[in-house]
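Novice: what would the 3D arrangement of this be:
(2 chains)
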Amino acid sequence: MPDELLRVEGLSKRFTGRGRNVAALDDVTFSISGGETLGVVGPSGSGKSTLARVLLRLVEPDAGRILIDGEDWRALSPKTLRRRRGSIQMVFQDPLSAFNPRTTIGKAIMDPLRIHAVVDRDARNAVMEELLQRVGLSADMSSRRIHEVSGGQRQRVALARALASRPRLVVLDEALSALDVSVRGRMLELLVRLQAEEGISYLFIGHDPAVVRMISHRVAVMDHGRIVETGDADAVFSDPGSETGKALIAAIPTWRRSGSA
Amino acid sequence: MRSVLCKVDRLSVVYRTKAGAQHALRSVSLDIVAGEKLAVIGESGSGKSTLSLALTGLLPEEALVEGSISWPGFGFDPVAGRDIGIVFQDPGSSLNPVLTIGDQVGEGAGRHLGLDRRAAREKAVELLARVRIPQPENALGAYPHQFSGGQRQRIAIAAAIAAGPSVLIADEATSALDTIVQAEISTLLEDLVKNGDMTLIFVTHDIGLAASLADRIAVFRTAELVESGDAQSIVHEPQAEYTRQLLATHIDLESPRLVGVSDAR
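Specialist: Numbering: from 1, shown residues only, chains lettered A, B, ... in the order given. Next comes the predicted model:
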């Protein structure tokens, strides 16, 4: 049995102000093993993206613990946190807003190599080119800028940058949602291959339950900041126990049962 | 036998770019039948959105257009906003953030139906109720940001149908919404056109959604019409290799999983 990589206990986050008082995360507890993918599904506003941001410590939670390899992520000193940051990486939905438009793709990937001191200066260029090749891109893409390549290529670049710091966990927040279906299929295959090769764990957040099911070992269904259901992906999707799970699955359009709407 | 509402005849749309002339549509011929639900599907760059802009006369001036679009169903040139309603993907950018919902939904009714302000507001309440905005009277004075994404799209639909158009074009109108809300909006669109006095043109990248909603499907790829036909025939007996690929890459609950059962727990 693979070791537990991430353990989240009682995570809560409330957004208040301007008349709002919303529990974005409400006592969220789950774990992810090494090499495992946990899919997260839920309607808009269910707390999926807040969960991603809290794990990355882009947003501070109000309560709860985040343990990575048993180490309390919230108790780390700023200095240690910086050193550890490389071990969790994130890929966002929109690569155009996730990259500096003026930076070349090569530099964008070499920055984490430098910041996290992954390899020596002399080796950076070679490692960057190798990262591009690993995500199925050619090394000569390194001189281009993010807006000069296609949507699918942009997400591959984002993945290459995320992999640069040799993360244990990659959080994918709607990372494939804006891609064409054919491109999306190839990205899913790439993610699975990288996981098999390197034992990376994924937290895969998506609004389309059918896509999440494809790539996830286990699935958590979120609603109103809570995990309302969790289990093996096939079990959850064939026989959802929660009302939210049932509603999500009933809403999936398919051509196989076409005309039923 | 229903009549032809719109005849697209060898329509080409070309943009001049630094890289040379780019075809957004290449010699597309397509009949749109009055009262039907037509899904226009394709991936990025297929030309599906250019078609909806061409139908509504919203192509940018620099676009070079060949071929023709005629509207035998109208017998005159339809006016976008009055005869053709349009709903886009992002209601956040199609609704004006500093105008109240009542003003925006009532505007089309006021302008095209010649209603005075009071009557336009009454019409707006009726339209908001029709798209199932709860407490429509209270929504009149509210602003777009006070509503969720799904409700904003309902409001955009209310504004689009305010003048009672014969055609409603929904261009990726459900794509930015979560699956549950997407299903709700699809159902709403179906209900709006159910009695057949409005033609629905539903532009989407999702062949599953197209098949569950449309009577007919037109498949586009790289500026060309690949095939068109009855929705059931397109998904069950596709003629074009590209359509088969689209169906094969469509992901639903019957698609094979890419990872095995977790050996953790």
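Novice: quick one, helices of chain A?
Specialist: Per DSSP state H, chain A carries helices over the ranges A:48-55, A:78-84, A:95-98, A:105-115, A:121-134, A:151-164, A:181-198, A:209-215, A:233-238, A:243-250.
Novice: need the contact list for the residue of the stretch 1-150 of chain B found nearest chain A.
Specialist: Nearest residue of the stretch 1-150 of chain B to chain A: residue B:43, at 4.0 Å (CB to the nearest CB). In this view, the C-beta of every residue, glycine as well, is placed from N, C-alpha and C. Shown in contact with residue B:43 (CB atoms under 8 Å, 6 or more residues apart in numbering or on different chains): A:180-182, B:205, B:221, B:246.
Novice: can you pull the pLDDT of it?
Specialist: If you check residue B:43, the pLDDT there is 91.
Novice: would you mind giving the secondary structure of it?
Specialist: Residue B:43 falls in the coil class when you classify it by DSSP: H, G, I helix; E, B strand; the rest coil.
Novice: tell me which element residue B:32 falls in.
Specialist: For residue B:32, the host element (DSSP states H and E) is strand B:20-33.
Novice: and that strand, how far out from the chain's middle?
Specialist: Relative to its chain's centre, strand B:20-33 lies at 17 Å (CA atoms, centre = their mean, to the nearest Å).
Novice: run through who's touching that strand.
Specialist: So strand B:20-33 is contacted by B:2-16, B:38, B:47, B:50-51, B:54, B:63-64, B:67, B:199, B:201, B:216, B:218, B:220, B:223-225, B:228 (CB under 8 Å, 6+ apart).
Novice: go on, stretch A:151-158?
Specialist: Stretch A:151-158 has contacts (CB under 8 Å, 6+ apart) with A:91-92, A:95-96, A:98-99, A:105, A:108-109, A:132, A:135-137, A:141, A:146, A:149, A:175-176, A:178-180, A:183, A:186-187, A:190, B:44.
Novice: who's whichever residue of the stretch 1-150 of chain A sits closest to chain B bridged to?
Specialist: Closest residue of the stretch 1-150 of chain A to chain B, CB to the nearest CB: residue A:33 (3.8 Å). Beta-bridge partners recorded for residue A:33 (DSSP bridges): residue A:4.
Novice: surely it meets residue A:3?
Specialist: Yes - Residue A:33 is within contact range of residue A:3, at 6.6 Å (criterion: CB atoms under 8 Å).
Novice: so for those two, which sits in the more crowded spot?
Specialist: More crowded of residue A:33 and residue A:3, by other CB atoms under 10 Å in any protein chain shown: residue A:33, with 21 against 10.
Novice: residue A:69 versus that one, what's the distance?
Specialist: 12 Å (CB to CB, to the nearest Å).
Novice: with residue B:163 instead?
Specialist: In this view, residue B:163 and residue A:69 are 62 Å apart by CB to CB.
Novice: before we move on, what about residue B:27?
Specialist: For residue B:27, the distance to residue A:69 (CB to CB) stands at 60 Å.
Novice: near chain B, which residues of the stretch 151-261 of chain A?
Specialist: A:151, A:180-182, A:184-185, A:188-189, A:192, A:195, A:207-211, A:213-218, A:232-234, A:237, A:247-261 (CB under 8 Å from any CB of the partner chain).
Novice: for PyMOL, what selects the buried ones among the residues you listed?
Specialist: To isolate the buried members of those in PyMOL, using 16 or more other CB atoms under 10 Å in any protein chain shown:
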select buried, chain A and resi 151+180+181+184+185+188+192+195+207+208+209+210+211+213+214+215+216+217+218+233+237+247+248+249+251+252+253+254+255+256+258
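Novice: sheet partners, orientation included, of the strand holding residue B:32?
Specialist: strand B:4-17 (antiparallel).
Novice: average pLDDT for the helix or strand harbouring residue B:120?
Specialist: Residue B:120 belongs to helix B:117-130 when assigned by DSSP H and E. Mean pLDDT, computed over helix B:117-130, is 94.
Novice: quick one, strands of the stretch 51-200 of chain B?
Specialist: B:64-70, B:84-87, B:167-171, B:199-204 (DSSP state E, counting those that start in this stretch).
Novice: quick one: contacts of the second one?
Specialist: Meaning strand B:84-87. With CB under 8 Å, 6+ apart, strand B:84-87 has contacts from B:52, B:55-56, B:58, B:78, B:80, B:94, B:153, B:156-157, B:160-163, B:165-171, B:173.
Novice: try 7 Å this time
Specialist: By CB atoms under 7 Å, 6 or more residues apart in numbering or on different chains, the residues outside strand B:84-87 that reach it are B:55-56, B:78, B:80, B:156-157, B:160-161, B:165, B:167-171, B:173.
Novice: not counting its neighbours along the chain, what's nearest residue B:26?
Specialist: Residue nearest to residue B:26 in three dimensions, not counting chain neighbours: residue B:223, with 4.4 Å by CB to CB, 6 or more residues apart in numbering or on different chains.
Novice: what's the pLDDT at that neighbour?
Specialist: Reported pLDDT for residue B:223: 96.
Novice: distance of it relative to residue B:17?
Specialist: Distance from residue B:223 to residue B:17, by CB to CB: 13 Å.
Novice: so which of those two has more stuff around it?
Specialist: residue B:223 (22 against 9).
Novice: that one against residue B:48, yeah?
Specialist: No - counting by CB atoms under 7 Å, residue B:223 stays clear of residue B:48, with 9.9 Å between them.
Novice: before we move on, back to that, buried among the contacts of stretch A:151-158? Make that a PyMOL selection.
Specialist: Buried members of the contacts of stretch A:151-158, defined by 16+ other CB under 10 Å, are picked up in PyMOL with:
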select buried, chain A and resi 91+92+95+98+99+105+108+109+132+135+136+137+141+146+149+175+176+178+179+180+183+187+190
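Novice: make a markdown table out of the helices of chain A and add mean pLDDT.
Specialist: Converted to a markdown table, the helices of chain A look like this (pLDDT from 0 to 100):
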| stretch | mean pLDDT |
| --- | --- |
| helix A:48-55 | 94 |
| helix A:78-84 | 90 |
| helix A:95-98 | 88 |
| helix A:105-115 | 94 |
| helix A:121-134 | 94 |
| helix A:151-164 | 94 |
| helix A:181-198 | 93 |
| helix A:209-215 | 94 |
| helix A:233-238 | 94 |
| helix A:243-250 | 94 |
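Novice: redo those helices as JSON lines? Include distance to residue A:64.
Specialist: Shown next, in JSON lines, are those (distance: least, CB to CB, whole Å):
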{"stretch": "helix A:48-55", "distance to residue A:64": "8"}
{"stretch": "helix A:78-84", "distance to residue A:64": "17"}
{"stretch": "helix A:95-98", "distance to residue A:64": "26"}
{"stretch": "helix A:105-115", "distance to residue A:64": "27"}
{"stretch": "helix A:121-134", "distance to residue A:64": "33"}
{"stretch": "helix A:151-164", "distance to residue A:64": "24"}
{"stretch": "helix A:181-198", "distance to residue A:64": "27"}
{"stretch": "helix A:209-215", "distance to residue A:64": "23"}
{"stretch": "helix A:233-238", "distance to residue A:64": "23"}
{"stretch": "helix A:243-250", "distance to residue A:64": "21"}
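Novice: hey, which helix or strand in chain B has the poorest pLDDT?
Specialist: helix B:91-94 (a mean of 84; mean pLDDT, DSSP states H and E).
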